[in-house]
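[1] show me the folded form of this:
(2 chains)
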Amino acid sequence: MNRLYDFTINPNDLSQAGIASSFIKNILKKLNVNREIIRRVAIATYEAEINVVIHSYGGKCNFIITDNSLNVTFIDYGPGIISIEEAMLEGTSTASKYAIENGFGAGMGLPNMQKASDHFSITSSKEGTVISMLFKLGGDLNDC
Amino acid sequence: MILKDLVRVLDAEVYTKDIYEENLPTNYAFSCDLMSDALMLLRNAPFYFCDEGVLVTGLATVQGIRTAEMLDLNVIVLVRGKIPTNSTIEEAKRLGIIIIGTKLAMFSTSAKMFLSGVKGLSDL
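    Okay, the predicted model is just below:
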């Protein structure tokens, strides 16, 4: 049976950033998922969550756990990414002073998400950005 | 190296006394102010590195704590005399992450740790 978890992400509030990532990390731990996979999920989802907080007008994310995979979707409500190609380059960032003062904005987020996930896709327009990531969890999961 | 030796070497203050474990191994460290760098470069680090690892940073906000949480790092060393807020300390305690602080700058902190036998990612 699939499990579905939804979270709302508020803009410009880094104090709350990481709550969704922390939640899914703990769920995977309870399911006895391999530690290497949990680390990749935690890193990728945390980067995505931070991005919604520091770059967007707000958004949401959902996690769907199936028997052997985790599907993650982050959706925000704009203003969108002008050039995805440039945003995917390591070190390219349009982060605000607020983001940098709080330890983010190195321009590593999107490349890190792509490297950490088994499948990564991104689309963006003025209306918003959608990031989808798939993680293969391997084997049947223990119930929690 | 264990935590009590690290505290002595850095003349550090312990901000999370409730969860302080003086015998905790602290054999590895990663120093940065940008959490994105830690998240990128420690993604493929051996698990023993993070299990016995320390995040050395000047970032005293809750985001440093959450980054340590994502990477399974148990100790944060705050440099340059940065003092965490009560809410940051409470979040660290909730997650079992020990925060210590030193007045030393990041370079001197890292150098003293290295000379005491702590290894970085590039030294593995």
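[2] could you count how many residues lie near residue 101?
    No chain specified, so I'll use chain A. Residues within reach of A:Glu101, counting by other C-beta atoms under 10 Å in any protein chain shown, total 14. Just so you know, the C-beta spots here come from the backbone N, C-alpha and C atoms, and that holds for glycine as well.
[3] the chain in question should be chain B.
    Neighbours of B:Gly101 using other C-beta under 10 Å come to 20.
[4] cool, A:Pro11 as well?
    The burial count for A:Pro11: 14, using other C-beta under 10 Å.
[5] go on, B:Asp5?
    B:Asp5: 15 neighbours (other C-beta under 10 Å).
[6] touching, it and B:Met113? I think so.
    No - using C-beta atoms under 8 Å as the test, B:Asp5 is too far from B:Met113 to be in contact (10.1 Å).
[7] now do the same for residue 96: its pLDDT.
    All of this is about chain A. Listed pLDDT for A:Ser96 reads 84.
[8] please refer instead to chain B.
    Note for B:Gly96: predicted pLDDT of 97.
[9] now do the one 10 residues further on
    Per-residue confidence for B:Met106 comes out at a pLDDT of 98.
[10] excluding chain neighbours, what is closest to it?
    The shortest distance from B:Met106 to any non-neighbouring residue, by C-beta to C-beta, 6 or more residues apart in numbering or on different chains, is to B:Val79 (4.6 Å).
[11] ok, B:Leu59 next?
    Distances taken as C-beta to C-beta, 6+ apart place A:Gly103 nearest to B:Leu59, at 4.5 Å, with adjacent residues excluded.
[12] so who does that neighbour touch?
    B:Asp33, B:Leu34, B:Met35, B:Ser36, B:Thr57, B:Leu59, B:Thr61, B:Gln63, B:Gly64, B:Thr67 (C-beta atoms under 8 Å, 6 or more residues apart in numbering or on different chains).
[13] so which of those residues wins on neighbours?
    B:Thr67 (31 neighbours).
[14] which SSE is that one in?
    helix B:62-71 (DSSP states H and E).
[15] please report phi then psi for residue 25.
    Because you didn't say which chain, this covers chain A. phi -60, psi -40 (degrees, to the nearest 10).
[16] the chain in question should be chain B.
    Per degrees, to the nearest 10, the backbone of B:Pro25 is at phi -70, psi 130.
[17] equivalent analysis for the one 5 residues further on, please.
    When quoted as degrees, to the nearest 10, the phi and psi of B:Phe30 stand at phi -130, psi 130.
[18] confirm that the residue nearest to B:Leu59 sits in a helix.
    No - looking at A:Gly103 with DSSP: H, G, I helix; E, B strand; the rest coil, it is coil, so not inside a helix.
[19] quick check: the gap between it and A:Ile9.
    Distance, A:Gly103 to A:Ile9, using C-beta to C-beta, to the nearest Å: 18 Å.
[20] same deal with A:Asn68?
    Distance of A:Asn68 to A:Ile9, computed by C-beta to C-beta: 27 Å.
[21] of the two, who's got more company?
    Higher neighbour count among A:Asn68 and A:Ile9: A:Ile9, with 23 against 12, using other C-beta under 10 Å.
[22] in three-state terms, label the closest residue to the more buried one other than its chain neighbours for me.
    When the adjacent residues along the chain are set aside, A:Ile9 lies closest to A:Val52, with 4.5 Å between them (C-beta to C-beta, 6+ apart). Recorded secondary structure, A:Val52: helix (three-state DSSP).
[23] count of neighbours near A:Val52?
    A:Val52 has 27 nearby residues by other C-beta under 10 Å.
[24] is it true that it touches A:Gly59?
    Yes - at 4.4 Å, A:Val52 counts as touching A:Gly59 under the criterion of C-beta under 8 Å.
[25] who touches both of the two?
    Joint contacts of A:Val52 and A:Gly59 (C-beta under 8 Å, 6+ apart) are A:Ile9, A:Pro11, A:Phe74, A:Asp76.
[26] what's near enough to touch the third one?
    So the one you mean is A:Phe74. Going by C-beta under 8 Å, 6+ apart, the list of residues near A:Phe74 reads A:Ile9, A:Ala48, A:Glu49, A:Asn51, A:Val52, A:Gly59, A:Lys60, A:Cys61, A:Thr129, A:Val130, A:Ile131.
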